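Engineer: Quick one: sequence plus predicted model below, questions after.
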Amino acid sequence: MKKFFILSACLSSLLVAKTVDFKTVLNEALSNNLELKAKKLNIDKAKADYKKANGYNYGKLSLSEDITKSNDALYVFGMKLESREATFRDFGFSDFLAAMPGLMGGTTSGNTVLADQPKDLNYPGSRTNFKTKLVYEVPIFTGFKLTYAKEMAALQVKANKFKYAHDKNKLAIEVLKAYNGAVAAKYFIKALKTAKKTTLSLVKMISEFNKQGMATQIDLLQAKKRNNEINAMLIKAKNKYQLALSYLQFLTDDNTISSVGDFKIIIAPDKPLNELIKTALKGRNDLKWMSANVKTMQKKVKMDESAYYPTIGVHLEYGFNDNRPTVSMKKDYYVAAVGAKWNIFDASRGASVQKSKIEAMQTNYYYDYMKKGIALDVKQKYLDLKSKKAIVSEKLTNKELAQEIFKKYTYMYKQGMINITILLMKEAEARKARAELIKARYDEALAAAELQKAIGDFVKEHK
C-alpha cells in the first residue's frame, strides 16, 4: 500500500509538472500577472472618466419625492397653495366675517378689525405634503469647458493605453531575466556535474596512483577535498535553480513550472545607431504616453480659460403637490427656467490659468528631456550589446583553451611532471571558464532584449 501511495504521488507530480520555453512563460505572465492586471484597470478608469465627461453634455434627469409635515403657518399655507387647495378661510376670512355684524352695527371700527390676528392663518392645523417632481437640468454653454474636459479624458485613455503597453514591456524583460536566469542556473548545474565527473575521476586516478606509490596521501586528500567542494557548489546551484523557477512561477502565476528549455536569444536589429534612435523616438510607448500628457496639459490650459466666458443652463421641472401621493393633473405644476452667469471679475481665475500654463510647460520640458534620455538609453544599450557579443566570443575561446590546458596538465600529472596543487588549479580554471561562458551568454541575451526594449515594443516582437 505504501508503494502504491508513493507511485501515485510521483505520477501526480509528473502530471502537473511541465517544462516551458520563453514564449510560453511570456504569454502566461501577460495573461496571469496580477500586478499587470491591476495596471490595466487604469485604462478602464480613464474610460470611465471619459464617459463621465461626455455625460455632462446630456444633462441630468432626476425624480424625487419629498414628504413634509409641519404646523408652521408659512409652510402650511404654502403647502395648501402648492396643492391648489388654499381657501379664503386659510387667509383668516372667518374672523373677518365674524366681525361683520359689529361693523354694520357701528360698534366696531374697521381699524380694530384690521388689527385682528386671524386664527386660521396664524394657527393652522398641521399638514403633510407629498411633493413629487421630475427635474431635468442641462448645460447649454459652459465656455467650452465640457468640450475640453472630454478631449482631456480621451487623451488620458490613449495615455493609459501607452502606459500599459510600456508596463507590459517592463514585465516582459523581467520575465526574460527570470527565464534566462533559470536556464543559466540549469547550465551551471550541468557544468558542475561535468566538474564532479572530473573530480571523481581524479580521486579514482590518484587513489590508484597512491596504491602504486606514485602519488602521496596528501594528493588524494586534496582531490577528495576538491570533490567535496564541487558537491557543495552543486547543492548551491540546485537551490539557485529552484529559486529561479519560483520567481518564474510568481511572475506567471503558474506553479506547475518545473523546468525550462534553452536560452532565449534575442536578435537585435542590425541597423546603424542613428536609425535605431529614430525608430525609438517613433515607437517608444513611454514617449507616446508622455506626448499624450503634454497634449492633455495644453487642453487643461484652455479648459481653465473657459472661466472667462459666461455659462448658460436650462432647468425644467414638472411635479405634483398634495397631502397624499398623487399624479392628478389638478395638482401638477411645471417650471421652465434658463439661467446665465458671467463672472465679470474674479482675481483667482487668472492665477489658475497661469498655473496651468506653467504645468503644461513643465510637462513639455519633461517630454523633451525624455526624448534625450531615450536617445542616450539606445546608445548605451547598443554599445553594451556590442561589448557583450565580443565577450561571448572571447569566453568561448577561453573555455576551449582552459579545457585543453586542463587535459594537458592531467597528462603532465600522470607523468609526474607537476604536483596535484597545480592540476587542481587548472581544473578550477576550466570550471570557471565554463561558468563565465554561461554568464556571458546570459548577459548577451539580456543586452539584446534591453536594446530591443529601448527601441520599441519588445512584447510585440516576441509574444
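Structural biologist: Done, it's in.

Engineer: So which helix or strand of the protein has the lowest pLDDT on average?
Structural biologist: Every helix and strand in the chain was compared by mean pLDDT, DSSP states H and E; the lowest is helix 2-16, with a mean of 48.

Engineer: Run me through the strand neighbours of the helix or strand following it, direction for each.
Structural biologist: Per DSSP states H and E, the first helix or strand lying C-terminal to helix 2-16 is strand 18-20. Partners of strand 18-20 in the sheet, by DSSP bridges, are strand 257-260 (parallel).

Engineer: Run through who's touching the partner strand.
Structural biologist: 17-21, 25, 179, 182-183, 186, 245, 248-249 (Cβ atoms under 8 Å, 6 or more residues apart in numbering). Using the backbone N, CA and C atoms, a C-beta is placed for each residue, glycine as well.

Engineer: Buried by neighbour count: which residues of the next helix or strand after it qualify?
Structural biologist: With elements assigned by DSSP H and E, the helix or strand that comes after strand 257-260 is helix 273-283. Going by neighbour count (16 or more other Cβ atoms under 10 Å), the buried part of helix 273-283 is 276, 277, 279, 280.

Engineer: returning to that earlier point: any chance of a PyMOL selection covering the buried ones in the contacts of strand 257-260?
Structural biologist: To isolate the buried ones among the contacts of strand 257-260 in PyMOL, judged by 16+ other Cβ under 10 Å, type:
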select buried, resi 20+25+179+182+183+186+245+248+249
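
Engineer: Which of the contacts of strand 257-260 sits closest to residue 44?
Structural biologist: Closest approach between the contacts of strand 257-260 and residue 44, by Cβ to Cβ: residue 25, at 26.2 Å.

Engineer: Using a markdown table, lay out the contacts of strand 257-260 together with distance to residue 63 and pLDDT.
Structural biologist: Output for the contacts of strand 257-260, formatted as a markdown table (distance: Cβ to Cβ, whole Å; pLDDT from 0 to 100):
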| residue | distance to residue 63 | pLDDT |
| --- | --- | --- |
| 17 | 61 | 69 |
| 18 | 58 | 83 |
| 19 | 63 | 92 |
| 20 | 58 | 94 |
| 21 | 60 | 93 |
| 25 | 54 | 95 |
| 179 | 58 | 95 |
| 182 | 62 | 95 |
| 183 | 65 | 95 |
| 186 | 68 | 95 |
| 245 | 60 | 96 |
| 248 | 56 | 95 |
| 249 | 54 | 95 |
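
Engineer: picking up where we left off before, nearest to residue 87, of the buried residues of helix 273-283?
Structural biologist: Nearest to residue 87 among the buried residues of helix 273-283, with distances taken as Cβ to Cβ, is residue 280, at 84.1 Å.

Engineer: hang on, the closest one packs against residue 375?
Structural biologist: Yes: if you go by Cβ atoms under 8 Å, residue 280 and residue 375 touch, sitting 7.3 Å apart.

Engineer: coming back round to it: ok, so of the buried residues of helix 273-283, who is nearest residue 162?
Structural biologist: Taking Cβ to Cβ as the measure, residue 162 lies nearest residue 280 of the buried residues of helix 273-283, at 14.2 Å.

Engineer: Within its local environment, how many residues does the closest residue to the closest one other than its chain neighbours see?
Structural biologist: Closest residue to residue 280 apart from its sequence neighbours, by Cβ to Cβ, 6 or more residues apart in numbering: residue 455 at 4.3 Å. Residue 455: 26 surrounding residues under other Cβ atoms under 10 Å.

Engineer: How about residue 197?
Structural biologist: 11.

Engineer: in stretch 224-237, what counts as buried?
Structural biologist: 224, 226, 227, 230, 233, 234, 237.

Engineer: Now find how far off-centre it is within its chain.
Structural biologist: Offset of stretch 224-237 from its chain centre (Cα atoms, centre = their mean, to the nearest Å): 44 Å.

Engineer: can you pull out the strands in the stretch 251-400 of the chain?
Structural biologist: 257-260, 311-322, 332-341 (DSSP state E, counting those that start in this stretch).

Engineer: what's the closest of the ones you listed to residue 205?
Structural biologist: strand 257-260 (33.9 Å).

Engineer: For that closest one, give the mean pLDDT please.
Structural biologist: Strand 257-260 shows a mean pLDDT of 95.

Engineer: ok, now stretch 415-429?
Structural biologist: Averaged across stretch 415-429, pLDDT comes to 91.

Engineer: what does it contact?
Structural biologist: Stretch 415-429 has contacts (Cβ under 8 Å, 6+ apart) with 195, 198-199, 202, 206, 214-215, 218-219, 222-223, 226, 402, 405-406, 409-410, 412-413.

Engineer: now do stretch 46-55
Structural biologist: 146, 149, 150, 152, 153, 154, 156, 157, 159, 160.

Engineer: and residue 433, how many neighbours?
Structural biologist: Quick note: residue 433 (other Cβ under 10 Å) scores 21 neighbours.

Engineer: can I assume it is in contact with residue 399?
Structural biologist: Yes: counting by Cβ under 8 Å, residue 433 does reach residue 399; the two are 4.2 Å apart.

Engineer: pLDDT weak spots in the stretch 101-250 of the chain?
Structural biologist: Applying pLDDT under 70 to the stretch 101-250 of the chain flags residues 101-113.

Engineer: so where do the strands sit in it?
Structural biologist: Under the criterion DSSP E, counting those that start in this stretch, the stretch 101-250 of the chain contains strands at 127-141.

Engineer: Could you pull out the helices in it for me?
Structural biologist: Remark: helices assigned in the stretch 101-250 of the chain by DSSP state H, counting those that start in this stretch are 110-114, 119-122, 145-211, 217-252.

Engineer: Out of these, which is closest to residue 37?
Structural biologist: The closest of the helices of the stretch 101-250 of the chain to residue 37 is helix 145-211. By Cβ to Cβ, the value is 10.4 Å.

Engineer: tilt between the closest one and strand 127-141?
Structural biologist: Orientation check (axes from the mean of the first three to the mean of the last three Cα atoms, to 10 degrees): helix 145-211 against strand 127-141 gives 80 degrees.

Engineer: Could you name the helices and strands sitting against helix 145-211?
Structural biologist: In terms of contacts (3 or more Cβ pairs under 8 Å, 6 or more residues apart in numbering; DSSP states H and E), helix 145-211 is packed against helix 22-32, helix 34-55, helix 217-252, strand 257-260, helix 285-305, helix 347-414, helix 420-455, helix 458-462.

Engineer: The ones you listed: which one's closest to residue 328?
Structural biologist: Nearest to residue 328, of all the helices and strands packed on helix 145-211, is helix 34-55, at 33.8 Å by Cβ to Cβ.

Engineer: So which bits of the closest one are buried?
Structural biologist: By neighbour count with 16+ other Cβ under 10 Å, helix 34-55 contains the buried residues 36, 39, 40, 42, 43, 46, 47, 49, 50, 53.

Engineer: What's the separation between residue 297 and residue 337?
Structural biologist: 37 Å (Cβ to Cβ, to the nearest Å).
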